[in-house]
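A.B. asks: this is the structure alone, sequence omitted:
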Ligand SMILES: Cc1ncc(COP(=O)(O)O)c(C=O)c1O
């Protein structure tokens, strides 16, 4: 099918809920995708922060192929070698206190289970989250999402959700109390425009949670699995070494095979009894093979280091570029704040075959590239941005021709 046929068919038979780019992706390798028309695009959006190991990493492909030959799926009612390996591997890279995994299928489901476990561990119901945070679209997660219109479209909301201001411990103290089950946050608020908080904020949250017997949940659906240049935001220098009680994960975890997970400490895991949690597809063999291979690929190819290097290169390359106010984020989760709206830049980049993301802040362009992005690939982007700032479209297309 050519692009027009693909578009017309999708538009006719799918509910029109996504704002799509005008391309159809047919195949991918590393940081690149090829369209139905045979055109090659540099993917700095990483398929919405999913393709951390790059598109179709050979190690991941092989693991999925081998597993598919053996058995695609059996439920959690039997043991499985590949599930055992996935859980062991995930726990081995997690902050020390997080000793057990629960597998599910997506980010929103991971957060639903994280909140449920916090309620079970405390016997309380209230959940504190943050303005600007995004946690997913199922009932409890969307009720925890104090960003834009989400709570509105998720009505009726689950009761017991309140919000505080990200980075402001006094605002948390004003709403968190001895009735609170959990404080949950994205350690970097991605969709809100890659908003960051100082390490001290995480330390203060941990102290408050300990004082009041509240569970601390890090929603690391975006920041987890190496994206910040560390395996997790939790436990590292950006969080002042703070370890939460639960980390929720999805996106990068399976390199594109749908999978989510909660990592929990003993305080939480010890209260979970038989049949308290569950999901049919969670821990299925195919997704577990993808998890093991994803973590191995990140390790084997030194992708934590390349993610950290990508941030350094971007910061250096974008420093002083006219029209750019600030660069936010860590590793391969970057928000470029323009002095003006970034939509025209986003469109222009796409016309020149570079895919980037926007955010709910109209001035912030988001980059969520594969962690294996190369120096040359980042330079391609930096050159385009430089050219854009010098304005004329001629310069931009000349650059395009040269790259
Ligand atoms: C921080 C965060 N949490 C949760 C989710 C929801 O994940 P999913 O779309 O897999 O349900 C997202 C999705 O963008 C996210 O960015």
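C.D. replies: That came through fine. What you are looking at is a predicted structure, and each value in this text was computed from that prediction instead of being measured. Residues are numbered from 1 along each chain as shown.
A.B. asks: burial of the one residue in the chain that gets nearest to the ligand, as a residue count?
C.D. replies: Residue of the chain nearest the ligand, by C-beta to the nearest ligand atom: residue 107 (2.2 Å). The way it works is simple: take the backbone N, C-alpha and C, and place the C-beta from them, glycine included. When neighbours are counted by other C-beta atoms under 10 Å, residue 107 registers 28.
A.B. asks: over to residue 143?
C.D. replies: Neighbours of residue 143 under the rule other C-beta under 10 Å: 22.
A.B. asks: which parts of the stretch 51-200 of the chain sit against the ligand?
C.D. replies: Residues of the stretch 51-200 of the chain lying close to the ligand by C-beta under 6 Å from any ligand atom are 106, 107, 108, 111, 134, 135, 136, 186, 190, 191.
A.B. asks: residue 92: which of these is nearest?
C.D. replies: residue 107 (22.2 Å; C-beta to C-beta).
A.B. asks: how much space between the closest one and residue 249?
C.D. replies: In this view, residue 107 and residue 249 are 8 Å apart by C-beta to C-beta, to the nearest Å.
A.B. asks: what do the two both touch?
C.D. replies: Jointly contacting residue 107 and residue 249 under the rule C-beta atoms under 8 Å, 6 or more residues apart in numbering are 221, 260.
A.B. asks: pLDDT score for the closest residue to residue 162 other than its chain neighbours?
C.D. replies: In this structure, residue 162 finds its nearest non-sequential neighbour in residue 175, 4.8 Å apart by C-beta to C-beta, 6 or more residues apart in numbering. pLDDT, residue 175: 98.
A.B. asks: same thing with residue 398?
C.D. replies: On pLDDT, residue 398 comes in at 45.
A.B. asks: next up, the contacts around residue 260.
C.D. replies: Going by C-beta under 8 Å, 6+ apart, residue 260 touches 103-107, 109-110, 221, 248-250, 253, 282.
A.B. asks: just the buried ones among those residues, please.
C.D. replies: Among the contacts of residue 260, those classed as buried by 16 or more other C-beta atoms under 10 Å are 103-107, 109-110, 221, 248-250, 253, 282.
A.B. asks: may I ask which two of those are separated the most?
C.D. replies: 221 and 282 (15.3 Å).
A.B. asks: re the thing from before, list just the nearest of the residues of the stretch 51-200 of the chain next to the ligand to residue 372.
C.D. replies: residue 190 (19.8 Å).
A.B. asks: what's the distance between the closest residue to that closest one other than its chain neighbours and residue 189?
C.D. replies: What sits nearest to residue 190 in space, not counting adjacent residues and going by C-beta to C-beta, 6+ apart, is residue 222, at 4.6 Å. According to C-beta to C-beta, residue 222 and residue 189 sit 9 Å apart.
A.B. asks: what bridges to residue 246?
C.D. replies: residue 217, residue 264 (DSSP bridges).
A.B. asks: so it sits against residue 220, correct?
C.D. replies: No. When contacts are counted by C-beta atoms under 8 Å, residue 246 is not listed as touching residue 220 (9.8 Å).
A.B. asks: got the contact list for the residue nearest to residue 162?
C.D. replies: Shown in contact with residue 175 (C-beta under 8 Å, 6+ apart): 128, 162, 163, 164.
A.B. asks: drop anything exposed from those residues.
C.D. replies: Buried members of these, scored by 16+ other C-beta under 10 Å, are 128, 163, 164.
A.B. asks: any chance of CSV for those residues, columns secondary structure and pLDDT?
C.D. replies: Output for the buried ones among the contacts of residue 175, formatted as CSV (DSSP: H, G, I helix; E, B strand; the rest coil; pLDDT from 0 to 100):
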residue, secondary structure, pLDDT
128, strand, 99
163, strand, 98
164, strand, 98
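A.B. asks: what about residue 277, how many residues nearby?
C.D. replies: Residues near residue 277, counting by other C-beta under 10 Å: 17.
A.B. asks: report the secondary structure state of it.
C.D. replies: Three-state call for residue 277 (DSSP: H, G, I helix; E, B strand; the rest coil): coil.
A.B. asks: and what of residue 329?
C.D. replies: Under three-state DSSP, residue 329 comes out as strand.
A.B. asks: list the neighbours of the helix or strand harbouring residue 210 that are in contact with it.
C.D. replies: Element membership for residue 210 (DSSP states H and E) is helix 199-212. With contacts defined as C-beta under 8 Å, 6+ apart, helix 199-212 is touched by 167, 169, 172-173, 176-178, 180, 183, 185, 187, 214-216, 237-240, 242-245.
A.B. asks: what subset of these is buried?
C.D. replies: Buried subset of the contacts of helix 199-212 (neighbour count, 16+ other C-beta under 10 Å): 167, 169, 172, 176, 180, 183, 185, 187, 214-216, 238-239, 242-245.
A.B. asks: check contacts around residue 232.
C.D. replies: The contact partners of residue 232, by C-beta under 8 Å, 6+ apart, come to 93, 94, 95, 218, 220, 223, 224, 225, 247.
A.B. asks: try 10 Å this time
C.D. replies: Counting by C-beta atoms under 10 Å, 6 or more residues apart in numbering, residue 232 makes contact with 93-95, 98, 187, 218, 220, 223-226, 238-239, 243-244, 247, 249, 263.
A.B. asks: which of these fall in helices?
C.D. replies: Among these, the residues falling in helices (DSSP state H) are residue 93.
A.B. asks: now residue 284. Nearest residue, chain neighbours left out?
C.D. replies: Using C-beta to C-beta, 6+ apart and skipping the chain neighbours, the partner closest in space to residue 284 is residue 73 (4.4 Å).
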